[in-house]
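Novice: I'd like to go over a predicted model; first the sequence, then the structure.
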Amino acid sequence: MTISLQERTCGVLLHPTSLPGPHGSGDLGPSAHAFAEWAARAGQRLWQMLPVVPPAGGCSPYQSSSAFAGNPALISLEVLHQEGWLSAEDVAPAGLPEDRVDFGATERFREERLRRAFEAFRKSPGDEFFIFCQKERDWLDDYALFCALKKAYGGQVWSKWPRALRTREPQALKQAAEEHKREIRYHQFLQYQFHRQWSALRARCAALGLALVGDIPIFIAHDSADVWQSPELYFLDTDGEPTVVAGVPPDYFSETGQRWGNVLYRWDAHKAQGYAWWIARFRSMLEKFDAVRVDHFIGFHRYWEIEASCPTAVDGRYRPGPGAPFFQALEAALGPMPIIAEDLGVLTPEVHALRERFGFPGMKVLQFSFTSDPKARHILPYTFDREVVVYTGTHDNDTCRGWFEAMKRDAATDPRAAADLAFVLDYLGTDGSDFSWDLIRLAHQSRANLAIVPVQDLLSLDTTARMNTPGVAEGNWAYRLLPGALDDALAHRLKRLSEVCGRTHYQP
């Protein structure tokens with residue numbers, strides 16, 4: 001469906017893995033359709049997700065083995081059963097936790113059944129499957145071979161494979177494709193099923209008037225099909241290992257910065273190819289989503305480069321990004337793009353100018369928008385422009401309730417924290433007894449065109465429901481909604497707030 005990011009509207013942030021369901025994590029099946037229906041009843045017009053690509057070597061959706069593939073963990077086993085590829089026994093409840101994702105156990109459970117479905121499917125795949133494979137061949141062939149070789153070599157990083165495969169010698173690739181033909185077909189099957197289920201969900205959302213907002217990380221993982229396929233586009237040594245990696249300098253989240261470890265682009269090489277890989281990447285995203293949040297937008301102006309040998313991000317340096325010519329090339333190929341620019345962090349006038357030149361709304365996070373310091377009143381919510389998206393928090397923040405409870409603990413021993421806490425309560429005109437909804441109301445009442453709220457804040461959940469803690473390697477991305485948590489009473493409350501704040505049609 002068509003969406004204008006200049007329209008006054010609202011939405012909910014929820015990653016599909018966080019949905020309830022019987023098989024260890026949420027997916028694109030019945031629970032996703034049920035959530036879309038609930039969001040529509042609640043007067044919401046946007047469903048924002050985290051990246052839906054397959055995670056690389058972990059569970060973070062921001063580290064992926066492909067910029068184009070869909071995450072096989074999101075394939076609904078229930079839908080495969082409905083289509084005859086799995087038995088009723090195959091889709092019996094897994095007995096896994098309902099409130100958290102146990103990624104290892106869930107992956108094992110799902111993969112066993114996905115392989116069973118493939119064995120049934122491959123006997124009569126049908127023309128539609130081969131049409132899909134042909135249409136997506138530019139990325140799918142290499143991605144499927146990459147996955148097959150990863151399995152064959154025990155999960156090793158591609159730069160540790162035999163040299164002929166590492167350097168993509170044509171005869172070695174041809175031989176590998178023949179040797180691993182069945183495994184390659186399996187991964188093509190997974191992408192086909194993801195495509196079909198995604199298309200069904202998107203069509204249902206469109207029918208409900210619910211637009212999908214995706215998330216595109218600026219960087220990709222070294223151990224990915226994309227880097228293996230086109231190593232000349234990245235800073236690698238002769239063995240295929242990164243020479244420099246991505247991250248951010250010390251900031252609010254970490255005094256040593258964040259060493260993400262992603263490979264860095266040779267922007268001159270991308271420019272020489274007319275930014276073809278990027279154009280294909282954005283085209284693929286806009287086929288899945290109605291709008292796209294571009295993570296770390298600042299990196300297109302300048303990015304933090306860290307020597308690969310450095311253990312932290314402290315000793316790094318800024319390098320120039322591709323700037324306006326990059327977005328001009330994208331718009332020349334794809335037309336004006338519905339992009340939300342994640343411009344949080346250390347901003348410069350040049351970053352603002354780049355975003356405003358192309359009409360991309362930026363982001364405001366209420367948890368970053370309060371201080372008792374009179375010299376910092378420019379960050380308060382009353383200063384927000386219309387051309388922004390306001391969030392109570394994002395996947396990198398604590399929940400609003402968790403943030404408030406931490407403020408109260410700090411205020412007991414820290415006079416500055418006590419002053420900030422008092423200021424927040426005064427600003428909101430509240431005693432804090434319903435703090436999450438105080439912030440939700442403020443977001444909806446703001447001048448910002450778009451207001452988006454994480455589901456955890458709608459439910460006033462504490463810090464145990466936090467999605468991600470930057471700089472902490474374990475325990476992230478695992479939050480799940482409990483069955484029945486999103487009820488009609490909550491939908492009514494959110495809808496009425498959206499109506500009276502002019503974000504959906506008011507019906508007295």
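Specialist: Received, thanks. Just so it is clear, the structure is predicted and the values come from calculations on it, not from any experiment. Numbering: from 1, shown residues only.

Novice: what does the worst-scoring helix or strand of the chain on mean pLDDT contact?
Specialist: Across the helices and strands of the chain, the lowest-confidence element by mean pLDDT, DSSP states H and E is strand 258-263, at a mean of 91. With contact meaning C-beta atoms under 8 Å, 6 or more residues apart in numbering, strand 258-263 is reached by 62-63, 219-222, 227, 234-236, 242, 245-248, 251, 306, 310-313, 470-471. To be clear about C-beta, it is placed using only N, CA and C from the backbone, and glycine gets the same treatment.

Novice: might you list the low-confidence residue ranges for the stretch 251-400 of the chain?
Specialist: Residue ranges of the stretch 251-400 of the chain with pLDDT under 70: 252-253.

Novice: hey, where'd the strands end up in it?
Specialist: 258-263, 291-294, 302-307, 316-320, 339-341, 362-365, 388-391 (DSSP state E, counting those that start in this stretch).

Novice: sheet partners, orientation included, of the second one?
Specialist: This points to strand 291-294. strand 211-216 (parallel), strand 339-341 (parallel) (DSSP bridges).

Novice: can you check the last one too?
Specialist: Paired with strand 388-391 in the same sheet, following DSSP bridges, are strand 362-365 (parallel), strand 450-454 (parallel).

Novice: pipe the strands of the stretch 251-400 of the chain into JSON lines and attach mean neighbour count and distance to residue 201 per row.
Specialist: Listed next are the strands of the stretch 251-400 of the chain as JSON lines, based on neighbours: other C-beta atoms under 10 Å; distance: least, C-beta to C-beta, whole Å:
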{"stretch": "strand 258-263", "mean neighbour count": "21", "distance to residue 201": "29"}
{"stretch": "strand 291-294", "mean neighbour count": "22", "distance to residue 201": "16"}
{"stretch": "strand 302-307", "mean neighbour count": "20", "distance to residue 201": "34"}
{"stretch": "strand 316-320", "mean neighbour count": "14", "distance to residue 201": "39"}
{"stretch": "strand 339-341", "mean neighbour count": "24", "distance to residue 201": "21"}
{"stretch": "strand 362-365", "mean neighbour count": "20", "distance to residue 201": "25"}
{"stretch": "strand 388-391", "mean neighbour count": "25", "distance to residue 201": "22"}
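
Novice: the least confident helix or strand of the chain to strand 302-307, inter-axis angle?
Specialist: Here strand 258-263 runs at an angle of 80 degrees relative to strand 302-307 (axes from the mean of the first three to the mean of the last three C-alpha atoms, to 10 degrees).

Novice: convert strand 258-263 to CSV, retaining C-alpha atoms only.
Specialist: Only the C-alpha atoms of strand 258-263 are listed here, as CSV (Å, rounded to 0.1, in the frame of the first residue of the first chain):
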residue,chain,number,x,y,z
GLN,A,258,30.6,-0.3,20.2
ARG,A,259,32.7,-2.6,18.1
TRP,A,260,30.1,-4.1,15.8
GLY,A,261,32.7,-6.0,13.7
ASN,A,262,30.9,-5.6,10.4
VAL,A,263,33.0,-5.2,7.2
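
Novice: go through stretch 149-159 and flag the buried ones.
Specialist: Of the residues in stretch 149-159, 149, 150, 157, 158, 159 count as buried by neighbour count, 16 or more other C-beta atoms under 10 Å.

Novice: what of stretch 13-21?
Specialist: For stretch 13-21, using 16+ other C-beta under 10 Å, the buried residues are 13, 14, 15, 16, 17, 18, 19, 20, 21.

Novice: any idea how far the fourth one lies from residue 28?
Specialist: Note on residue 16: its distance to residue 28, by C-beta to C-beta, to the nearest Å, is 6 Å.

Novice: in CSV: the strands paired with strand 291-294, plus distance to residue 75.
Specialist: Listed next are the strands paired with strand 291-294 as CSV, based on distance: least, C-beta to C-beta, whole Å:
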stretch, distance to residue 75
strand 211-216, 17
strand 339-341, 27
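
Novice: so residue 497 belongs to a helix, correct?
Specialist: Yes: according to DSSP: H, G, I helix; E, B strand; the rest coil, residue 497 belongs to a helix.

Novice: burial measure for it, as a count.
Specialist: Other residues within reach of residue 497, judged by other C-beta atoms under 10 Å, total 22.

Novice: I'd say it and residue 442 touch.
Specialist: No: Residue 497 lies out of contact with residue 442 (C-beta atoms under 8 Å); the separation is 10.8 Å.

Novice: list the contacts of residue 198.
Specialist: 28, 52, 70, 288.

Novice: hmm, I was thinking of residue 49
Specialist: 13, 14, 15, 16, 212, 213, 214, 215.
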